[in-house]
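**Student:** Build me a model:
(2 chains)
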Amino acid sequence: MSAYVTLTINGAKVKAPEGRSVLDVALDYGICIPHLCHVRGLTPIGACRLCIVEVVKNGKSKVTTSCTLEVEEGMVILAHTEKILKARKNIAEMLVAEAPNSRAIQDVALRCGVKEVRYPFRNKDCVLCGRCVRACSEIWQSKSLGFVGRGKERHVALPFDKRPEFCKRCNACIDLCPMTITPCPGPMKKGEEYLCGLCESQLSMAEEIPDSCIDCRLGEGFSCIRKKP
Amino acid sequence: MTRLRSIEELTALQERKRPLDKGKATIVIISSGTCGRACGSLSVIDVLKKEIKRHRLGNRVRLRITGCHGFCEQEPLMVIEPGNIFYCHIKPEDVAEIVSMTLQDGNIIERLLYEDPASGKKIVREADIPFYKVQDRVVLGQNKLVDPTDINDYIANGGYSALIKVLTSMKPEEVIEEVKKSGLRGRGGGGFPTGRKWEYCRRAEGSPKYVICNADEGDPGAYMDRSVLEGNPHAIIEGMIIGAFAIGAEYGYIYVRKEYPLAVEHSKIAMQQAEEIGLLGENILGTDFSFDIKIARGGGAFVCGESTALMASLEGKVGEPRPKDIHTTDKGFMDLPTNLNNVETWANVPSIINQGASHFASKGTSKSKGTKIFALTGQIRNTGLVEVPMGATLREIIYNIGGGSANGKRIKAVQTGGPSGGCLPEELFDLPVDFEALTEAGSMVGSGGMVVMDEGTCMVDVAKYFLKFLIDESCGKCVPCRVGLSRMLEVINDITEGRGTEEKLELLQDTAGTVSIASLCALGKTAPNPVLSTIKYFRTEYEVHIKKKRCPAGVCRELIHYSIREDKCTGCGTCLKACPHGAIAGKKKKAHKINDDKCQKCGICEEVCKFDAISIT
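**Tutor:** Prediction:
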């Protein structure tokens, strides 16, 4: 039996097993915190920063990612303050401008309330969430994929750009990649990208109650990692 | 060198070495840090050695080659004791004269003295120079006293006394209490109370524990840590030994940039000598306490100055920061308790122990204690390192020590805290320099860089420069820093190239806000500071760029226009010959003209024109 701790997330008192991340706990309780790079079971790296929350300690609040934050007794988490919602929306806007050709990212943008994209679209094939890299090395112990380069040059690559023998062709990298499913209206060409927004009708409730999981089925194929009953 | 087996032996050695310099009548001190060497101090030293030999002065004169004294503007420089005679801008040709005139006959060479630009008078003594007079050089002042390659010099000057005090009369908890009482805060930029950090690390579970000296100094225009490491490495080593004793650490690392070869060399020599003499290694000075230091060289990534990235790099992994939800004092290097402090922080420890916490705490402001070294650079007369008590105002530093503007133009702003600090306008020069006041004003103390800017600087261009630097140095791990900064640069490029709009300025601010809230590490969190602070204090400059499509300082190429003033042009033809693009035409002795289609706005014509006839609008 693992020990349990009690914490509050958005005012709700919840009980959670020690060692669990705040994001996982929130999702288990049906509290929606948008996320992208996090995959249950893989080491969290806090790269996409969508799941940022405020942690209140001794009257001071600190912003950190909920995927890397372990639950603690008496912890106070505010996941949907005005400050957080604004920053999260802006991050989602950046992400969708980077890679509009992903249904998952279009959905995340919609979930975060992005109504217009003020940045020019870049239409990239990778947002460096690192899901593939971690799945490859952690689930399969294969380490066929890794990050190469720093800053602008950072990209995911195979060793010496060749598929190594130790790649087990498990396709976990592809399954977990947010870029493999295009938006519903089909792939967007360079120069013709737009914010999809087709599922907006599903979100009528989400805007009023940002913290409740509305079982929105956003990003099917990339599915929200909420545990289904 | 014989290994010291007890504390008494070290005390005896101190006594023995103390008259090291006293036997000789004259000491010639030459600063030869990286800055001195760049100005040619090595050839001066070469000639000086030969001259001393030629005049057979070897018994009477001691040559002490030290690290940087701070007054880099006047390098190569020399101080002759006794007499405190200060010579600057010495060329190898001058050396023979110095030896015969000053060292032999005791006369002063007027020509080599420092001339005070304010009064125009020559100053003989180093102590009388305004640049030094106003400073309080607790750490930096020691550079003059020791040859960094000789441990005996440091010991002769009372070095390792603090260690003796700690080992003979203090418990680890008492050391921590003393550091806590002193109010010393991290000098690398964070400003975290050092004593508290030590305490956390001491209490943390896990073994062995580590202490690390962060010498991965990367801010453009900042070189305090380099100078201390080059000039007085033993102070850092002593500080680290004391820290390790207090924390209960067994191993230490000095993580130093590869681009600092002299600092690496000097710290290596210092470490070896300390080891030989028994100040590092097993059973230090015959006590039960053992501690060892290794030197690790950084590969040149700015982000590796961030503590978690530095530790990843030490472990041999990619130098990327990780979330700090678990502190490094609990799980740092190799997932073991690690205490990391900056070079200057370590260098302050021995004097705190020697002179007591209250002496250290008597300087500074209520929350920021002690002295801090700043690197004054930019358009300022006295470029160099200055050390002042915390709480000195920017005006004091820039005008009283720095001597004001280098070229007579009005000073417009100062950028403090390196690339992630902010630009503060002249109106705020009366702000005290401490951790809180500068952060409140939208900048920070940072590691201590101060770049002074005059009217010829475009603040939008400055923001762009720092943004580019940070984009190059971002590790690229998290979205706000990697994508956000590049989006900000996009907007700033638009503004400086004449495509700016009000909406874009708002977008720039929005993005900057997100980057500062949501980024993973301190690099990203502080990266928007140059942009936000310039918008805050120099908004009019942005507005002129956006609305009038003009750059008031005449810097942004797309927004300026070169022309020749007919009333001033004499038709000498200098600019015509100098223009690499063939954009200038005109007959001899008649006013020339610039062809706008060909003009690339390189500014060469303005540089060569002797009649001030080129106008930039």
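
**Student:** switch to C-alpha atoms for all contacts and neighbour counts from now on
**Tutor:** Noted.

**Student:** Is residue B:341 located within a strand, as I assumed?
**Tutor:** Yes: counting by DSSP: H, G, I helix; E, B strand; the rest coil, residue B:341 is part of a strand.

**Student:** Phi first, then psi, for residue B:527.
**Tutor:** phi -60, psi -40 (degrees, to the nearest 10).

**Student:** show me the contacts for it.
**Tutor:** By Cα atoms under 8 Å, 6 or more residues apart in numbering or on different chains, the contact set of residue B:527 is B:419, B:420, B:421, B:467, B:470, B:481, B:485, B:515, B:516.

**Student:** rerun that using 6 Å as the cut-off
**Tutor:** residue B:420 (Cα atoms under 6 Å, 6 or more residues apart in numbering or on different chains).

**Student:** Same question for residue B:581.
**Tutor:** Residue B:581 neighbours (Cα under 6 Å, 6+ apart): none.

**Student:** Can you read off the pLDDT for it?
**Tutor:** Residue B:581 carries a pLDDT value of 89.

**Student:** how much space is there between it and chain A?
**Tutor:** Distance, residue B:581 to chain A, using Cα to the nearest Cα, to the nearest Å: 33 Å.

**Student:** what secondary structure does that residue sit in?
**Tutor:** Strictly by three-state DSSP, residue B:581 counts as coil.

**Student:** three-state assignment of the residue nearest the centre of chain A?
**Tutor:** Compute the mean C-alpha point of chain A, and by Cα atoms, centre = their mean the closest residue is residue A:36, 1.6 Å away. Following three-state DSSP, residue A:36 is assigned to coil.

**Student:** What does the pLDDT read for residue A:222?
**Tutor:** For residue A:222, pLDDT reads 48.

**Student:** Enumerate the residues of chain B near chain A.
**Tutor:** B:474, B:475, B:476, B:477, B:478, B:479, B:514 (Cα under 6 Å from any Cα of the partner chain).

**Student:** change it to 8 Å
**Tutor:** Counting by Cα under 8 Å from any Cα of the partner chain, chain B comes close to chain A at B:322-323, B:325, B:471-480, B:482-484, B:487, B:507, B:510-511, B:513-514, B:517-520.

**Student:** following the longest helix along chain A, which helix or strand comes up?
**Tutor:** Secondary structure of chain A per DSSP state H: the longest helix is helix A:82-98. Per DSSP states H and E, helix A:82-98 leads on to helix A:103-111 as the next helix or strand towards the C-terminus.

**Student:** That following helix to helix A:82-98, inter-axis angle?
**Tutor:** Put simply, helix A:103-111 runs at 150 degrees to helix A:82-98, going by axes from the mean of the first three to the mean of the last three Cα atoms, to 10 degrees.

**Student:** tell me the average confidence for helix A:103-111?
**Tutor:** 86.

**Student:** picking up where we left off before, from the chain's centre, how far out does the longest helix of chain A sit?
**Tutor:** Helix A:82-98 sits 12 Å away from the centroid of its parent chain (Cα atoms, centre = their mean, to the nearest Å).

**Student:** Could you pull out the buried residues of it?
**Tutor:** For helix A:82-98, a neighbour-count test (16 or more other Cα atoms under 10 Å in any protein chain shown) marks A:84-98 as buried.

**Student:** which SS class is residue B:221?
**Tutor:** Per three-state DSSP, residue B:221 ends up coil.

**Student:** Next, the contact list for it, please.
**Tutor:** B:375, B:376, B:377, B:418, B:449, B:450, B:451.

**Student:** Going by neighbour count, list what's buried in stretch B:220-237.
**Tutor:** Here stretch B:220-237 shows B:221-237 as buried, counting by 16+ other Cα under 10 Å.

**Student:** Okay, and which of those map to helices?
**Tutor:** Here DSSP H is the test, and the buried residues of stretch B:220-237 give B:224-231, B:233-237 as lying in helices.

**Student:** Can you identify each of the helices in chain A by residue range?
**Tutor:** Under DSSP H, chain A gives helices at A:22-28, A:82-98, A:103-111, A:131-134, A:172-176, A:204-208.

**Student:** Residue ranges in the chain under the pLDDT threshold?
**Tutor:** If you meant another chain, say so; for now it's chain A. Counting by pLDDT under 70, the ranges of chain A that qualify are A:1, A:200-229.

**Student:** my bad, the chain I had in mind was chain B
**Tutor:** Those would be B:19-24, if you go by pLDDT under 70 across chain B.

**Student:** Between the two ends of stretch A:157-166, what distance do you get?
**Tutor:** 15 Å (Cα to Cα, to the nearest Å).

**Student:** Now do the same contact list for the residue nearest to the centre of chain A.
**Tutor:** Each residue near residue A:36 by Cα under 8 Å, 6+ apart is listed here: A:48, A:50, A:105, A:108, A:129.

**Student:** number of nearby residues for the second one?
**Tutor:** Here the number of neighbours of residue A:50 (other Cα atoms under 10 Å in any protein chain shown) works out to 30.

**Student:** got it, and the first one?
**Tutor:** Per other Cα under 10 Å, the neighbour tally for residue A:48 reads 27.

**Student:** OK, contacts around it?
**Tutor:** A:35, A:36, A:37, A:129, B:478, B:479, B:480.

**Student:** what's in contact with the host helix or strand of residue B:534?
**Tutor:** Taking DSSP H and E as the criterion, residue B:534 maps to helix B:529-537. For helix B:529-537, the external contacting residues (Cα under 8 Å, 6+ apart) are B:419-425, B:442-443, B:459-460, B:462-464, B:466-467, B:509, B:512, B:542.

**Student:** Next step: those residues restricted to strands.
**Tutor:** B:423, B:424, B:425 (DSSP state E).
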